[in-house]
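Enquirer: my questions concern the predicted model and sequence given below.
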Amino acid sequence: MSTHEAKIYRKTELVGTSSVGFDDAVRRAVARAQKTLRHVQWFEVKEQRGRIDEGSIEYQVTVEIGFALE
């Protein structure tokens, strides 16, 4: 047997929003996940889209967050 323990991961999907840009929306989603989930280790951007409301833009990203289970 290997001395390395195999890890099991779980994924969850979040939608981050920002009035600044897509990058900020991703950072907000990851930061929020880290407040609730332990062992957050990676993310993947699944979708980017935006909403226009009276001339202002809201950037939206769907992010899959991966974290190791204990």
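Expert: Yep, that arrived. Computed from a predicted structure; not experimentally measured.
Enquirer: low-confidence ranges in the chain?
Expert: 1-3 (pLDDT under 70).
Enquirer: please redo it, this time with the cut-off set to 90
Expert: Along the chain, the parts satisfying pLDDT under 90 run over 1-7, 70.
Enquirer: any chance you could map the helices in it?
Expert: Along the chain, counting by DSSP state H, helices occupy 22-36.
Enquirer: quick one: the strands in it?
Expert: Remark: strands assigned in the chain by DSSP state E are 9-18, 40-53, 56-68.
Enquirer: now the angle between helix 22-36 and the shortest one, please.
Expert: Read that as strand 9-18. Counting by axes from the mean of the first three to the mean of the last three C-alpha atoms, to 10 degrees, strand 9-18 lies at 130 degrees to helix 22-36.
Enquirer: quick one: strand 9-18 to strand 56-68, angle?
Expert: 160 degrees.
Enquirer: swap in the longest one?
Expert: Using the same axes, to 10 degrees, the direction of strand 40-53 lies 160 degrees away from that of strand 56-68.
Enquirer: for strand 40-53, buried residues please.
Expert: Buried residues in strand 40-53, counted by 16 or more other C-beta atoms under 10 Å: 40, 43. Just so you know, the C-beta spots here come from the backbone N, C-alpha and C atoms, and that holds for glycine as well.
Enquirer: and if you look at the shortest one?
Expert: For strand 9-18, burial by neighbour count (16+ other C-beta under 10 Å) applies to 14, 16, 18.
Enquirer: so what's the first one up against?
Expert: Taking C-beta atoms under 8 Å, 6 or more residues apart in numbering as the criterion, residue 14 is in contact with 29, 32-33, 62-63, 65.
Enquirer: okay, those in a markdown table with neighbour count and distance to residue 47 next?
Expert: Converted to a markdown table, the contacts of residue 14 look like this (neighbours: other C-beta atoms under 10 Å; distance: C-beta to C-beta, whole Å):
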| residue | neighbour count | distance to residue 47 |
| --- | --- | --- |
| 29 | 24 | 12 |
| 32 | 14 | 17 |
| 33 | 18 | 17 |
| 62 | 16 | 4 |
| 63 | 23 | 9 |
| 65 | 21 | 14 |
